[in-house]
Structures are given as C-alpha cells and as structure tokens.
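Trainee: Structure of the sequence below:
(chains A and B)
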Amino acid sequence: MPTQLTTRNIYEQQSHNKRLTWLVMFGFVLFLGFLGFGFDYYYLGLFEDDFYFPLGTIVAVIFGSGMALSSYFNGAKSVLAATGAVPADPANPADRTLINVVDEMTIASGLPRPQVYIVTDEDPNAFATGRDPQHSYVVVTQGLLDALNREELQGVIAHEMSHIRNYDIRLMTVVAAFVGSIVLLSDTARRSMRFGGGTGRRRSKGGGGILIILWIVAIVLAPLIAQMMAMLVSRKREYLADASGAELTRNPLGLASALRKLESAAAPTTSIKRGAAHLCIVDPLGRNINSKEGFTAELFGTHPPIEKRVLALNAMAYQYQRTPTSA
Amino acid sequence: MFIVYILLAALLLLFFWVIAKYNSLVTLKNQVTNGWKQIDVQLKRRHDLIPNLVNTVRGQMQFEQETLEKVIQARNAAASAKGVADAAAKEDMLTGALSKLFALVENYPTLKSNENVLQLQEELTSTENKISFARQFYNDIATKFNIAQEVFPANIIASMFNFKTVELFEIKSEAERQVPNVDLSLKK
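Mentor: Below is the predicted model of the structure:
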C-alpha cells in the first residue's frame, strides 16, 4: 500500500520539527545577544577603561527570550490578528460546509479538532497555524470558499491537517514571528547606526575592526537570512503535506484540481503579509519565482512549483487506482 | 546452579514478553472499539437526519411516495442492524436509496432552492463523508489488530486470552468502492 511510505516517518517528522523549532528559537536569542553585544562593544565601550558590564547583551538576551517565548505561545494569535481572520460562523451555509469538512478531516486524521477561521479576502488561499494539534487553527480565505467545490476543499483542508499533525505549524509560526521581528530590529539598528552615532562612548582606539564589520554584516544580512530560512522550511514541507493530505482523503485528484484553481487565480492575497507567506498553501504574494526551478528558485522560493505538485498528486492517484484500498 | 539462574532469567523474560504482548493487544482492542463507536455516532446522526429530510420534501414530492418509502425502510433496516458486516450492508443500501432521492429532488426547483432542504443535504453529505472517514480509520486499526493476533508467536497469546479477530466495515458494491466521497449537494 502506498500509504505506508509516509506514515512511518510521521514521528520522525514531528520530532524533527520540534527540534528545529528550538534551534530556531535559540538562534534568534543568539542573534539578538550578538546585536546587544555589538552595541556594548561599539557604543558603551565594553572591555575599555575597566568597563566589564555587558548591559546591552543582557537586555537583548532577556528581550529575545521573551520574544521567543511569546512567539511560541502567542504566535498563532498574532498571525490570526495580522491577517484579520475571524472565526467561521456555523449559521452561514458556506461557513457551515467548511466546518463540516474540517470535522470530516478531523475524523480521518484522528487529531483534535482545530479552530476554523476565515479571512475576508477574495484571493483563494489557506494556511494553518498554532503550536501543537491541541492548539491549532485552520484559516481559509473567503475566495477559497467561493472558488472550490467540496472535494477540492476537502483536499486543501487535509493538506492543512497534515501540517498540523507534522508540527509544521509550530515551526512555521515561530519562524513567521521571527522574520517579522528581525526585519523590524535590523531596520532600527541600521538607522541608529547611521544617525545615533555622536552620543555614545564610541570606541576610540582602532582595535576590533573585524568585530564591527561582522556586526554590521549581520545586521544588514539578517532579514535576508531570515527570509531564506522561512523559504527553506516551507518548500520541502509542502510536498509532504500534499502527500499525507491525499492519504487522508484517499483522493489526490481533489487537491490537484484545487491547486490548479489556486494557481490560475494567482492574484496576490493582499491580507497576508510577507512574514506569513510561507504558511500558505500557495504563495500569497504571487511571486514569479515560485513557478520556476533551479538553484535560485530553490533558495528564494517559498513554495514548490504548482505544476510539480500537481504532477506528484496525479502520480499518487494513478497508484491508488492500481492498488484499491480495503476501505 | 548457574543453569537454574539462566532458566529463571529466561522464564522472567518470557513472562514480561507475555505481559507486553497482552497489553498491546488490549490497547489495540480498545482502539478498535473506539473506532467503531466513531462510526456508530455518525450512523446514528444519519438515521436522525433522514426522517427530517423526508418530512421536509414530502409535501412537494407527492408523486414520489414510493422512493420516500424506500428511503424510510432502508433507514429503519439500517437503524436495527446488528454487527459490523450487517450494518455495512444495510448502510450501503441506505446510501443508494438516498442518492436516488437526491437525484429526484433535482426535478423540483422549489425544493432545490429550499433553504431547509439545502441545509439537510449539507448535513447528510457531511455525515456520509464522516462515516466513510471513520470507516477508513476503523478498518486501518482493525486490520492492525487482526494482524497483531495472527502473527507467530503472538497468536499463542491471543488464543490463550481468547482474543478474536474483528470484522472490517466493508462496502460490497463496486461503484461505492471507486468513489469514496459521496457528494449529495446539488451544485457541481
């Protein structure tokens, strides 16, 4: 049976994602500490004149840890708030269908039921967020509800449920929070470097030039690196979620046809900002790069080309037809 | 004396192995029971929804009394089914009768746009899908349970403690088998 190929790896995938989340959080705190250290060294004159109290580093590490914890516990809430998502309304027929489909996939996956949210955006898109299956959210745009039929909707929800089951949501939500804050922080740091110069104790001797260069390079490159990280974590996981989602519905063609519809409606999803792009089932920014292959696309694209995903799903469908399941 | 120790150790190991196997079988058995309960909940929900639907459409569908009767009969038969295989067969018939009814509803424009009917249709569609996904879940876990008691040497323990293989919830008709998701809604 084709199902066993991926189910065996679920636990590995889960612990891999959990480990990676800690690593990312640790890296974030480390990065902030480095920013603070540079501030100590450059402005407060650490190691100079018997000044040994790394005030900036300590403040930065405390601040960074606080942000890391809050991204872990409240990351999902801030993603929901940033996209303007509202809870689905069971009294509304279209919302009711969505809730029912989520219930169906809940039964198929054996997971706890995620909360269902809707974004009033006309462009079809969907994502899942949260910290674990017990605290998970499935979010779709109004455009998705309007564009897809039931079977396709099922495929999309199953895809999102696999993200939840694999703990992709934890990693991606934390990364989303960090991408946002790193962009903000390095912007601030760069500006203060340019303008806030005159006031501090500013290092007078020539020593430590390499450190300063390193510090500046880190500040300048951080947003780019953070963005690349987000892309890296998302790309591989999309294929996996496609495959295990199709396993839940046992109907790969539903998701394939949904993806095709999403691709043809490739207008940017305006309510989803850059920081949360890697969470979505298709690229909300409508960037050209995600339809390409090769080295740069591999580096900078958040999503694999839809053409390839559809092809993989079609191959799965073919396999299913040849080996009918017992159910 | 040394031999005795080795024998004792082996015996102890065997004892622990039996306990572990027994416990894993009990766990699987509970999962199977739980899986069946999930199907059962959805089946009951379907049985509750059907009289509502029939009553809603009855007034308009004077000429289709026979179809409505068949749906009700199939529903009552399914509600009184005993055992997994019996339930599977009777639910299968009910699904057939229902899809016939929904095909007929297509001919009645007033019904097709009736909010109540649409709502019931959505609920029935969803329940139908839930049944098929719960069935999928149940069959997977039931197969695992059956295999666990049939392989050697676990089969010795299974027969010692009187574990029995369970029936799968199978669909007989070929058409059902090929299309796992039934979409009863009118819009395509």
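
Trainee: which element follows the helix or strand harbouring residue B:138 toward the C-terminus?
Mentor: Here residue B:138 sits within helix B:115-150, counting by DSSP states H and E. Downstream of helix B:115-150, the first helix or strand assigned by DSSP H and E is helix B:154-160.

Trainee: Output that following helix as PDB - backbone C-alpha positions only.
Mentor: Below are the C-alpha coordinates for helix B:154-160, written out as PDB (Å, rounded to 0.1, in the frame of the first residue of the first chain):
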ATOM      1  CA  ALA B 154       1.700 -13.500  19.300                       C
ATOM      2  CA  ASN B 155      -1.100 -15.800  18.100                       C
ATOM      3  CA  ILE B 156      -0.400 -18.100  21.100                       C
ATOM      4  CA  ILE B 157      -1.100 -15.300  23.500                       C
ATOM      5  CA  ALA B 158      -4.100 -14.200  21.500                       C
ATOM      6  CA  SER B 159      -5.700 -17.600  21.600                       C
ATOM      7  CA  MET B 160      -4.700 -18.100  25.300                       C
END
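
Trainee: How far away from the center of its chain is that helix?
Mentor: 27 Å (Cα atoms, centre = their mean, to the nearest Å).

Trainee: Ok, stretch A:264-280 next?
Mentor: Using Cα atoms, centre = their mean, the offset of stretch A:264-280 from its chain centre is 12 Å.

Trainee: Stretch B:27-47 too?
Mentor: 7 Å.

Trainee: now swap in stretch B:111-120 and tell me
Mentor: 27 Å.

Trainee: Briefly note if it comes near chain A.
Mentor: Yes - against chain A, stretch B:111-120 shows contacts by Cβ under 8 Å from any Cβ of the partner chain at B:118-119. (C-beta placed from N, C-alpha, C; glycine too.)

Trainee: Tell me which residues of that stretch come out buried.
Mentor: B:111, B:114, B:117-118, B:120 (16 or more other Cβ atoms under 10 Å in any protein chain shown).

Trainee: Same check on stretch B:49-68?
Mentor: Neighbour-count burial for stretch B:49-68 [16+ other Cβ under 10 Å]: B:49-50, B:53-54, B:56-57, B:61, B:64, B:67-68.

Trainee: Sitting in helices, which of the residues you listed do you find?
Mentor: B:49-50, B:53-54, B:56-57, B:67-68 (DSSP state H).

Trainee: Which strand or helix spans residue A:32?
Mentor: helix A:10-39.

Trainee: which parts of that helix are buried?
Mentor: For helix A:10-39, burial by neighbour count (16+ other Cβ under 10 Å) applies to A:13-14, A:17, A:20-21, A:24-25, A:28-29, A:31-39.

Trainee: List, out of the residues you listed, those positioned next to chain B.
Mentor: Okay, of those, nothing touches chain B (Cβ under 8 Å from any Cβ).

Trainee: re earlier: could you check the angle the helix or strand following the helix holding residue A:32 makes with helix A:10-39?
Mentor: Reading on from helix A:10-39 to the C-terminus, the next helix or strand found by DSSP H and E is helix A:55-83. Helix A:55-83 and helix A:10-39 are oriented at 130 degrees to each other (axes from the mean of the first three to the mean of the last three Cα atoms, to 10 degrees).

Trainee: Centre of the chain to helix A:55-83, how far?
Mentor: 15 Å.

Trainee: Now tell me what touches the helix or strand just after it from outside.
Mentor: Using DSSP H and E, the helix or strand that follows helix A:55-83 towards the C-terminus is strand A:86-87. By Cβ atoms under 8 Å, 6 or more residues apart in numbering or on different chains, the residues outside strand A:86-87 that reach it are A:115-120.

Trainee: pLDDT averaged over strand A:86-87, what's the number?
Mentor: When pLDDT is averaged along strand A:86-87, the result is 94.

Trainee: And stretch A:262-279, by the same measure?
Mentor: Mean predicted lDDT for stretch A:262-279 stands at 74.

Trainee: can you check stretch A:40-60 too?
Mentor: Per-residue scores along stretch A:40-60 average to 75.

Trainee: Start and end of that stretch, how far apart?
Mentor: Across stretch A:40-60, the terminal residues are separated by 10 Å (Cα to Cα, to the nearest Å).

Trainee: same check, this time on stretch B:75-86
Mentor: Stretch B:75-86 has an end-to-end distance of 13 Å (criterion: Cα to Cα).

Trainee: what distance separates that stretch from the middle of the whole chain?
Mentor: With Cα atoms, centre = their mean, you get 11 Å for stretch B:75-86.

Trainee: hmm, that stretch touching chain A?
Mentor: No - judged by Cβ under 8 Å from any Cβ, stretch B:75-86 and chain A are separated, with a smallest distance of 13.3 Å.

Trainee: Can you give me the buried ones in that stretch?
Mentor: Buried-residue list, stretch B:75-86, by 16+ other Cβ under 10 Å: B:75, B:77-79, B:81, B:84.

Trainee: ok, so of the residues you listed, who is nearest chain A?
Mentor: Closest approach to chain A among the buried residues of stretch B:75-86 (Cβ to the nearest Cβ): residue B:84, at 13.3 Å.
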